[in-house]
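Enquirer: no sequence on hand, only this structure:
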């Protein structure tokens, strides 16, 4: 029992000593804080201030041309495509044209022999109903045909159309006569220009789209039916507009704002935005030509903050 009390007294003594040393250390450290004027900054001396100037990159607003457009995918089709039929039954006697041949309206394409056993008839010529190219020949010499069987297909490639399907949300923006630019994979370095020529009177119930046809002159037959391409329908174009990068826009309290730099301070501006094309937008008010808008660092500043322009582009 005596030995247990002895150990207890020893432990209590040790705790008292440790507590006393801790109190002394605390009061000494508190004195140092008071002399230093508060909690010291790591890596800084007591006389150094925190750098509150934010480095930013800016872009000088400029005037230029910007285009509002709708980009879709489309397929090239011939403007006119007809199947040629015979008006009489008989046997194919001659086919003087082949696939890919250019033909004229009223040119003979096939000769039909109407003769039967005991009856002889003059050969019947089958003629083209349009100017164009022979796309396909469906019959061969010696075949017996009837008026219900198509013999050839002739297409007009001097003018082609590109068929696109306009989403329902954009139907109100597209009308006949709008200019269009077409790029196809086969000629990636060329732009083919045409106009919206025809719009379907109905909306397809399954896809919820409206068919539109872009008519393009194709005298050199560079565009081939079946080609696919990207179609840009030009809705409107603005010349001499004030342009800034889309990157300058910042979301603040459900608004899209821009920070400009004036006298090395950030100024919050809520511009009236108009057309977006690629990575640029046009503004109708709030920003003038030559104004410096922040494009990097704008997320870290508020209205009136001091900033340091580290880079400027235009």
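Expert: It's in. Keep in mind it's a predicted model, so treat the numbers as computed, not measured. Residues are numbered from 1 along each chain as shown.
Enquirer: C-alpha only now, for contacts and for neighbours.
Expert: Noted.
Enquirer: what's the end-to-end length of stretch 132-148?
Expert: One end of stretch 132-148 sits 23 Å from the other (Cα to Cα, to the nearest Å).
Enquirer: list the buried residues for it?
Expert: By 16 or more other Cα atoms under 10 Å, the buried positions in stretch 132-148 come out as 132-137, 139, 144-145.
Enquirer: now do stretch 300-314
Expert: Neighbour count says stretch 300-314 has 301, 305-307, 309 buried, by 16+ other Cα under 10 Å.
Enquirer: and for stretch 199-216?
Expert: Result for stretch 199-216 [16+ other Cα under 10 Å]: buried residues 199, 203, 209-216.
Enquirer: quote the end-to-end distance of that stretch.
Expert: Length of stretch 199-216, first residue to last, Cα to Cα: 15 Å.
Enquirer: what about that stretch, average pLDDT?
Expert: Per-residue pLDDT over stretch 199-216 has a mean of 96.
Enquirer: residues contacting it, please?
Expert: 79, 159-168, 171, 175-176, 180, 192-198 (Cα atoms under 8 Å, 6 or more residues apart in numbering).
Enquirer: so of these, which ones are in strands?
Expert: Counting by DSSP state E, those place 79, 159-167, 180, 192-198 in strands.
Enquirer: would you map out the domains in the chain?
Expert: 1-39, 54-64+239-313, 69-76+157-237, 82-152 (automatic domain parsing).
Enquirer: the buried residues of stretch 300-314 into JSON lines, with extra columns for pLDDT and secondary structure?
Expert: What follows is the buried residues of stretch 300-314, written out as JSON lines (pLDDT from 0 to 100; DSSP: H, G, I helix; E, B strand; the rest coil):
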{"residue": "301", "pLDDT": "92", "secondary structure": "coil"}
{"residue": "305", "pLDDT": "93", "secondary structure": "coil"}
{"residue": "306", "pLDDT": "94", "secondary structure": "strand"}
{"residue": "307", "pLDDT": "94", "secondary structure": "strand"}
{"residue": "309", "pLDDT": "92", "secondary structure": "strand"}
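Enquirer: quick check, nearest of those to residue 108?
Expert: residue 309 (77.5 Å; Cα to Cα).
Enquirer: could you check how many residues crowd around residue 195?
Expert: 21 (other Cα atoms under 10 Å).
Enquirer: residue 105 too?
Expert: Look at residue 105: counted by other Cα under 10 Å, it has 11 neighbours.
Enquirer: find the nearest non-adjacent residue to it, please.
Expert: In space, and not counting its chain neighbours, residue 105 is closest to residue 130: 4.4 Å by Cα to Cα, 6 or more residues apart in numbering.
Enquirer: which SS state does the one you found fall under?
Expert: When classified by DSSP: H, G, I helix; E, B strand; the rest coil, residue 130 comes out as coil.
Enquirer: would you mind measuring from it to residue 80?
Expert: For residue 130, the distance to residue 80 (Cα to Cα) stands at 9 Å.
Enquirer: name the residues contacting each of the two.
Expert: With contacts defined as Cα under 8 Å, 6+ apart, the residues shared by residue 130 and residue 80 are residue 156.
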